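> structure here, sequence nowhere to be found:
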């Protein structure tokens, strides 16, 4: 009885953490190239020229999409890619691989030093969990830059 009382008392002071992932039974998209990534991600960027955002897609062992998540909603010239948020989503859906992305409203596809640094950091963190960061795309209204294709990743 005392243990139950302690549990009830503890719950009144501390919030319970709930993690939820509800997979949909829709056809999965096969990711074979950076072009496939771009085609999958571009529709998520509704106002690609307005402000920076970051999205990720999560893949299973067969390189089929499990799902996607908005990682951040930034400003006109920056967005934060938080490694904890990316990994939280990946672990929730048991992803084997991740593709991270963000847009450049300016139309300039060239990665900044901050873009390169966060990609390197995220790759190292993913490796700790046996998850592959397979690409980081910078999207513009007209095209994209793939870190994997450019040899940056």
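Done, it's in. Remember, it's a predicted structure, so these values are computed and weren't measured experimentally.

> so which strand or helix has residue 145?
Using DSSP states H and E, residue 145 sits within strand 144-146.

> now what about that strand, what contacts it?
By C-beta atoms under 8 Å, 6 or more residues apart in numbering, the residues outside strand 144-146 that reach it are 34, 37-38, 42, 109-111, 135-138. For every residue, glycine as well, the C-beta is placed using N, CA and C.

> what's whatever helix or strand comes next after it in contact with?
Downstream of strand 144-146, the first helix or strand assigned by DSSP H and E is helix 147-150. By C-beta under 8 Å, 6+ apart, the surrounding residues in contact with helix 147-150 are 34, 111, 119, 134-137, 153.

> return the distance of helix 147-150 from the chain's centre.
17 Å (C-alpha atoms, centre = their mean, to the nearest Å).

> now do stretch 63-80
That offset, for stretch 63-80, works out to 5 Å (C-alpha atoms, centre = their mean).

> ok, and for it, which residues are buried?
65-69, 71-72, 74, 79 (16 or more other C-beta atoms under 10 Å).

> how about stretch 115-130?
Per 16+ other C-beta under 10 Å, stretch 115-130 contains these buried residues: 115, 118-119, 122-123, 125-126.

> what packs against the lengthiest helix in the chain?
In the chain, assigned by DSSP state H, the helix with the most residues is helix 113-128. Contacts defined by 3 or more C-beta pairs under 8 Å, 6 or more residues apart in numbering; DSSP states H and E place helix 113-128 against helix 83-92, strand 97-103, strand 132-139.
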